[in-house]
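Colleague: Fold the following.
(chains A, B and C)
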Amino acid sequence: MRYAIPLVVLAVLIGFFAVGLNRDPRLLPSPLIGKAAPAFDLPVLAAPAAADTAVAAPQRLGNAAFAGKPYLVNFFASWCAGCQVEHPYLMTLARQGVVTLVGVDYKDAQADVSQWLAARGNPYAPILVDLDGRAGIDFGVYGVPETFLVGADGRVLHKHVGPLTPEAFEHDFKPLLGAGS
Amino acid sequence: MIPELGHFALILALGIAFLQTVAPLLGYQRRDAKLLAFAGSAAQAQFFCIAFAYACLTIAFINTDFSVAYVAQNAHTDLPMIYRVSAVWGAHEGSLLLWMLMLSGWTFAVSVFNRRIPAELSALVIAVLGVISTGLLLFMLLTSNPFERLFPVPLQGRDLNPLLQDFGLAIHPPTLYMGYVGFSVAFAFAVAALITGKLDAAWARWTRPWTTTAWMFLTLGITLGSWWAYNELGWGGWWFWDPVENASFMPWLAGTALIHSLAVTEKRGLLKSWTVLLAILTFSLSLLGTFLVRSGVLVSVHAFASDPARGLFILIFMALVTGSALTLYAWRAPKLATVGELHLFSREGLLLLNNVFLVVACAAILVGTLYPLVIDALKLGKISVGPPYFNAVFLPLMVPLFVLVGFGAVVPWKKGRAGETWQRLKMPALFAVAFAIVVPLALHGRAALLAVTGGLLGAWTIVAAAQDVSRRIRAKPSFAAGLASVPRASWGMTLAHAGLGVWALGVAFVISYGYEKDVRLAPNARTEIGDFSFGFVGATEAKGPNFIAQQGEVTIERGDHSVTTLYPQKRFYPSQRNVMTESAVDATLLRDLYVSLGEGFEDGSWSLRIYVKPMIRLIWLGGVLMFLGGCLAASDRRYRLAKAADRRLAVDGGTQAA
Amino acid sequence: MRSWAAALLALGLALTAVSEAQVTVEKPEIPLSSEQEARLAELLPDLRCLVCQNESLAESRAPLALDLKYEVRGLVASGKSAPEIKQYLVDRYGDFVLFRPPFDPRTWLLWLGPIGLVLLALWVLLRQIRGSRRAAAAAPLPPVDDAALKKLLDE
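Modeller: This is a model prediction of the structure:
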């Protein structure tokens, strides 16, 4: 019987590998889920042609400015390739107006991002500037683009790493939009 | 045209590999000598097909034939010739072809050096190797064809990853694969023995040189890999406990255990089923390494581009190969049980104890490497198991092992006597204690605990290892006659054990007395590290064949006199838009001075990373010594001349090599 | 500067070095006492760089790693203890950031496994040795079919 032990160990290992093959080791779950969103207070980007230009933009915005309604926090940068990929979908989202889209421009030069937005359009309600990446650290950002859903009560409900896709939004974000209120 | 020929040769090789498997098995079942004899011819034909395919791919690289997708992804017209040749194994598809070349090469060697082996056994061994060939060729042809054409043909290739454009890396994979793949021979011997049910001292003697040869290549491969990482990655580290490094280290530990248990099986006819299991596990761990590297299940610096389809294929392949071998083992191994008296305080007892620590160390690394994957698969979150864990677990396991190495070479087979052992080991023990106290103090002025422990174990291992040779020499009337009487296997063991000791010294000293400093220096500024003063002169632009570099100039002084000037580079490779550090090292046996460039700032200052690494060369020197020891042991004449060896065994009272 | 991470990853991930354009803000240097420097040096190897996959913060030059290193330096300067700093990072990035996994029910097997294995292996070994003696006592002349072995045993 004991001669079969190695075979059993192998079978268990193979089982784990089979599961492991379908999981991405680089995808990290956020410890923030279910907790209050990190406090931020960031300067607003003086953006050309923001989505709703009518609002007179304040100089800085913090969590309080968005309380009461769910909103997306999208960390992006003009230098990031994945951000280009998701950008058209963000434009669609902005047009649909299902949720407020807060952009956080991560470690980016003002001139670069202005040019980038001018060329592609601006899907964000306000764009906050995280020049030194401190807000990114508080949110546990490890690679832009990353998108957080913050509920009406200010808790983080979901985090998506990598370009946001329609599937991911419909599947992971939409069902949570009513939650936390 | 040439790529198509290569592709065709691979398909042909697949057919041959299939026949190479089936014919001998049928021949064995029907007791048909002709079918058995076919195995050798098939193995040789397969080798020529693969070698041909390999040559085709190499030619495509030399001619930078970008119509071949693999070449387009890994070459560039500016790529220097030597790296065009090594680029063949620079990525997944080509490295797999190299794997195949090695495997068919080993099989070829078995078919040639099999005169002393019974035809039946040799045919079965080749058949088992044929199974592995068939699986890998299928894998290559179905998921990873290196000859796939690309249309439209790009004008320029994407170039070889700059990290791989280094001489160390040009030779590291072939040596490593020689080792990995070489263990397939021991595996095949084990499976063949399970099939025939015949496992005796002769079987062990046939298996030993193959195992030792594979082991010595793996040793060299790991050593080269460590040396490459040290030079190329710019962190001054020599071992990172990266999953892929672990993947090469686990078969090494298991293979080391196997070499020692084979010695017991040969000399005493004991541990048969254990030896067979180790042979199966060692190669299975090599396969596991291949799976880990190529499937993307683990996060690693060295992983190849991952593809779930490839991962799934290797997983199934591994399940089939290892699974069937272990099933066979579960079924047949009970019959291999041996009767013989075993004493703990005897050479075989100590070797078994050595196996315990080697195998547990191997298992601990396996557990640590796979633990994040298991936790993730159980949906318990993501954790990291990194160097702090491995160091904490691995180093304590090595301590008893080093103590044992000293005893192993001295205690006789069957039963040792404490008094006699003490007589022979008291001088080495005294020497080791003296060394461990004096040397750290003399060289560095303070006795760090780790340096003393490492010095003790290292010196003990080296001096105790020499006991075997010195006893043999003293047993003869004259020194010359004594020297001539020492068999190569004995020299091999001594050298390999000494290498282990040298390695331990290097590790202990570099950890205990190394300095590192991250510092931003303006031009003409200096910084002091240890006894050395590093002056940053400035950085200028330099041009290479396929890169542009910022080259720093760092002058190093000690006291009043200048030591050397180093020129670390930060290279930009336009073809891949990649930035690479090329660190600069001034090396002596006692210390390395290592400088690598970080970021440059607008005012002309640079961030520099500076290391002083005492005795780090000993780490690789130890690896090379182990490799040379393996060379000597594997080429011992008794493996070539069985009868003469048996006679000498009888006269000599057994070669002491373990 | 992101290309550092990319250069290391490119081996496997074929990530193209997307940009040289990530902004690096020059931050004021945080002076540390030599005791604090030592604590920092002890702490950094235990923290994982998240973007470089298998480097610690001590080794990495990835931009995020540099940011985090700066952050940790600041925390050390403000007198935070090592467990506090680790918790600070775990709160943001999860246990993944720790190279030395915490000892909790999930990792009992990881930390205790090797010790358990040594004990188990030694127990099996001793049992084997005792068993072999008993067997040898029962059958004083083991059947040996190999001539070489017989010669060896007769030495």
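
Colleague: can we go C-alpha only for contacts and neighbour counts from here?
Modeller: Fine.

Colleague: What sits closest to the residue in the stretch 51-200 of chain B positioned nearest to chain A if chain neighbours are left out?
Modeller: Proximity to chain A, evaluated over the stretch 51-200 of chain B using C-alpha to the nearest C-alpha, is greatest for residue B:194 at 12.8 Å. Leaving aside its chain neighbours, residue B:194 sits nearest to residue B:332 (6.0 Å; criterion: C-alpha to C-alpha, 6 or more residues apart in numbering or on different chains).

Colleague: now the helix or strand harbouring the one you found, how far from the chain's geometric center?
Modeller: Residue B:332 belongs to helix B:308-332 when elements are defined using DSSP states H and E. When distances are taken as C-alpha atoms, centre = their mean, to the nearest Å, helix B:308-332 is centred 23 Å away from the chain's centroid.

Colleague: Flag the shaky bits of chain A, pLDDT-wise.
Modeller: Within chain A, the segments meeting pLDDT under 70 span A:47-58, A:179-181.

Colleague: Spell out which parts of it neighbour chain C.
Modeller: Residues of chain A lying close to chain C (C-alpha under 8 Å from any C-alpha of the partner chain) are A:26, A:28-32, A:79-81, A:107-109, A:131-133, A:137-143.

Colleague: residues touching residue C:93, list them.
Modeller: For residue C:93, the contact set (C-alpha atoms under 8 Å, 6 or more residues apart in numbering or on different chains) comprises A:28, A:30-31, A:140-141.

Colleague: closest to residue B:72 among those residues?
Modeller: Relative to residue B:72, the closest of these is residue A:28; by C-alpha to C-alpha it sits at 33.5 Å.

Colleague: excluding its backbone neighbours, what's nearest the closest one?
Modeller: For residue A:28, the nearest residue in space outside its immediate sequence neighbours is residue B:382; the separation is 6.7 Å by C-alpha to C-alpha, 6+ apart.

Colleague: so who does the one residue in chain B that gets nearest to chain A touch?
Modeller: Among the residues of chain B, residue B:330 lies nearest to chain A; the distance is 4.6 Å by C-alpha to the nearest C-alpha. With contacts defined as C-alpha under 8 Å, 6+ apart, residue B:330 is in contact with A:1-4, A:7.

Colleague: Now, the residues you listed that are in helices?
Modeller: When helices are assigned by DSSP state H, the members of these inside them are residue A:7.

Colleague: Widest-spaced pair of the contacts of residue B:330?
Modeller: Of all pairs drawn from these, the widest gap by C-alpha to C-alpha lies between A:1 and A:7 and measures 10.7 Å.

Colleague: Okay, buried residues for stretch B:374-393 please.
Modeller: Going by neighbour count (16 or more other C-alpha atoms under 10 Å in any protein chain shown), the buried part of stretch B:374-393 is B:374-377, B:381-390, B:393.

Colleague: sorry, that was for stretch B:541-555
Modeller: B:546-555.

Colleague: likewise stretch B:446-455?
Modeller: The neighbour-count check on stretch B:446-455 (16+ other C-alpha under 10 Å) flags B:446-448, B:450-455 as buried.

Colleague: which of the residues you listed come close to chain A?
Modeller: Applying C-alpha under 8 Å from any C-alpha, the subset of the buried residues of stretch B:446-455 adjacent to chain A is empty.

Colleague: Would you mind putting those residues into TSV with secondary structure, pLDDT and distance to residue B:9 alongside?
Modeller: TSV is the format used below for the buried residues of stretch B:446-455 (DSSP: H, G, I helix; E, B strand; the rest coil; pLDDT from 0 to 100; distance: C-alpha to C-alpha, whole Å):
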residue	secondary structure	pLDDT	distance to residue B:9
B:446	coil	86	63
B:447	coil	85	61
B:448	coil	87	59
B:450	helix	90	55
B:451	helix	92	55
B:452	helix	93	57
B:453	helix	93	55
B:454	helix	92	52
B:455	helix	93	54
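
Colleague: okay if I get these as CSV plus distance to residue B:50?
Modeller: CSV is the format used below for these (distance: C-alpha to C-alpha, whole Å):
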residue, distance to residue B:50
B:446, 57
B:447, 55
B:448, 53
B:450, 49
B:451, 49
B:452, 51
B:453, 49
B:454, 46
B:455, 48
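
Colleague: Can you tell me which of these is closest to residue B:212?
Modeller: Once C-alpha to C-alpha is applied, the member of the buried residues of stretch B:446-455 that ends up nearest residue B:212 is residue B:454, at 26.4 Å.

Colleague: Once you drop chain neighbours, what's closest to the residue in chain C that chain A sits nearest to?
Modeller: Using C-alpha to the nearest C-alpha, the single residue of chain C nearest to chain A is residue C:92, 4.6 Å away. In space, not counting the residues next to it along the chain, residue C:92 is nearest to residue A:140; the distance is 4.6 Å by C-alpha to C-alpha, 6+ apart.

Colleague: List the residues that contact the one you found.
Modeller: Shown in contact with residue A:140 (C-alpha under 8 Å, 6+ apart): A:30, C:92-93.

Colleague: check which helix or strand covers residue C:75.
Modeller: helix C:63-77.

Colleague: what's the following helix or strand after that helix?
Modeller: Downstream of helix C:63-77, the next assigned helix or strand under DSSP H and E is helix C:82-93.

Colleague: and that following helix, how far out from the chain's middle?
Modeller: Averaged C-alpha coordinates place helix C:82-93 at 18 Å from its chain's average position (C-alpha atoms, centre = their mean).

Colleague: sorry, back to before: the residue nearest to residue A:28 touches residue B:372, doesn't it?
Modeller: Yes: checked against C-alpha atoms under 8 Å, the pair residue B:382 and residue B:372 is within contact range at 6.4 Å.

Colleague: Could I get the phi/psi values of residue 61?
Modeller: Since you didn't name a chain, this refers to chain A. Backbone torsions of residue A:61, given as degrees, to the nearest 10, read phi -130, psi 140.

Colleague: meant chain C actually
Modeller: phi -120, psi 10.
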